[in-house]
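> this one's sequence-less:
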């Protein structure tokens, strides 16, 4: 489990910039995205077949395949955001990204519950083999759908400029210099995420070991979170269009920092479900608007390199901070570590307010009007 948590992040750190170099040299990067997605999906077939050909060493082999699937996934992830920027017009991004996340969260909430029931009724390892085969079918369907996306061709006059080969460090420097707001976004986001990266492995440990949560409660907790996310995306897509992406981000950010504080302050499983529901209504306000800002401020000339540098830095933090969080919790306890992580998130929020992406500020009256418009009329 430790290897599954850490090694994919390490692979991402190593390969993101290399993948960007490959993609930036291509005039048509669509085939690379399709084949890299296929490479990351076909691993499910290998996992399903392993019990048939490898009676011994099955856990180690399965772990190896899952980790190996991270390599083509990095190439896909490096090209996916530029693809979205190319095919989704800016005025449609809020709705497209929101509905994509709504469908994703709804599907996860439903399939996770159904899969859990089927796994309990099946016999190991056949139950997991069928599960991975179903996952393979869904994954191949996604490969086909991605292959049908029509990516506009690069303007021939821009090809020598956009695909010019430069040293890696120069490419990163040019990308960040081309869009200082993108560099600022990367710094703010990194600091904001420090707290949640540090606390990521501690929440479930706190719930299960210290509060006595059962598997059924953990399943209910996951369902509650995804229901809140679905509702949140439905609301925040309209708020973002109404008051702007950056003002919406500033409204949502402070609320999301409250979760670790409230969990530490009210260590009750019932209250935590309510807290998770309320806080995760605001999480889409961060994720959606951050994605919109990210897309709008990606450097156009060195976007693959810039995105890869951004992802490398984030994955490095995602690899190191959980280790640090566990070490700190072993010294001062989980509840105090939750508070410390919450303060780290607050520092990140302050940076977003202190070094904004633009000069707009939240119009709370406009937001209140939008929220009133979502409610059914009084009778």
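Good, I have the coordinates. Note that the structure is a prediction, hence the values are computed from the model and not measured.

> Pretty sure residue 305 sits against residue 18.
No - assessed by Cβ atoms under 8 Å, residue 305 is found out of contact with residue 18, at 10.7 Å. C-beta coordinates here come from the backbone N, C-alpha and C atoms, glycine included.

> of those two, who's got more company?
Higher neighbour count among residue 305 and residue 18: residue 305, with 26 against 15, using other Cβ atoms under 10 Å.

> any idea which element the more buried one lies in?
helix 303-332 (DSSP states H and E).

> contacting residues for residue 355?
184, 187-188 (Cβ atoms under 8 Å, 6 or more residues apart in numbering).

> what's the pLDDT at it?
Reported pLDDT at residue 355 in the predicted model: 83.

> if we can go back for a sec, next, the angle from the helix or strand just after the helix holding residue 305 to helix 303-332.
From helix 303-332 onward toward the C-terminus, using DSSP H and E, the following helix or strand is helix 334-354. Helix 334-354 runs at 150 degrees relative to helix 303-332, counting by axes from the mean of the first three to the mean of the last three Cα atoms, to 10 degrees.

> For the residue nearest the centre of the chain, which non-adjacent residue is spatially closest?
Nearest to the geometric centre of the chain sits residue 287, at 8.2 Å (Cα atoms, centre = their mean). Using Cβ to Cβ, 6 or more residues apart in numbering and skipping residues adjacent in sequence, the residue nearest residue 287 is residue 101, 7.2 Å away.

> mind listing what the residue nearest to residue 267 when sequence neighbours are not counted touches?
Nearest non-adjacent residue to residue 267, counting by Cβ to Cβ, 6+ apart: residue 211, 5.9 Å away. Counting by Cβ under 8 Å, 6+ apart, residue 211 makes contact with 267-269, 272.

> rewinding a little: please report how far the residue nearest to residue 287 lies from residue 320.
Between residue 101 and residue 320 the computed distance is 27 Å (Cβ to Cβ, to the nearest Å).

> quick one: which of those two has more around it?
residue 101 (21 against 16).

> Tell me which helix or strand residue 185 sits in.
Under the criterion of DSSP H and E, residue 185 resides in helix 180-205.

> could you give the angle of that helix to helix 334-354?
Comparing the axes of helix 180-205 and helix 334-354 via the same axes, to 10 degrees yields an angle of 160 degrees.

> name the helices or strands packed onto the helix or strand that helix 180-205 is followed by?
Per DSSP H and E, helix 180-205 leads on to helix 215-243 as the next helix or strand towards the C-terminus. Judged by 3 or more Cβ pairs under 8 Å, 6 or more residues apart in numbering; DSSP states H and E, the packing partners of helix 215-243 are helix 93-121, helix 245-256, helix 269-279, helix 283-297, helix 364-374.

> Lowest average confidence across these, which one?
helix 364-374 (a mean of 58).

> Residue ranges in the stretch 101-250 of the chain under the pLDDT threshold?
By pLDDT under 70, the weakly predicted segments of the stretch 101-250 of the chain are 112-113, 116-117, 119-120, 152-177, 215-216.

> Name all residues that make contact with residue 30.
Neighbouring residues of residue 30 by Cβ under 8 Å, 6+ apart: 83, 149, 151.

> where's it relative to residue 79, distance?
8 Å.

> Next up, the contacts around the residue nearest to residue 308 when sequence neighbours are not counted.
Of all residues not flanking residue 308 in the chain, residue 20 sits nearest, at 3.4 Å (Cβ to Cβ, 6+ apart). By Cβ under 8 Å, 6+ apart, the contact list for residue 20 reads 78, 171, 304-305, 307-309.

> repeat that with 6 Å
Counting by Cβ atoms under 6 Å, 6 or more residues apart in numbering, residue 20 makes contact with 78, 304-305, 308.

> Between those residues, identify the one with the most neighbours.
In terms of neighbour count, residue 78 stands highest of the contacts of residue 20 at 31 neighbours, by other Cβ under 10 Å.

> if I pick that residue, what's in contact with it?
By Cβ under 6 Å, 6+ apart, the contact list for residue 78 reads 19-20, 23, 308.

> Distance-wise, check it relative to residue 15.
Taken as Cβ to Cβ, the span from residue 78 to residue 15 is 8 Å.

> One more: residue 49?
26 Å.

> Same check on residue 345?
On the measure of Cβ to Cβ, residue 345 and residue 15 end up 28 Å apart.

> still on that earlier bit, how much space between the residue nearest to residue 267 and residue 137?
Counting by Cβ to Cβ, the gap from residue 211 to residue 137 is 38 Å.
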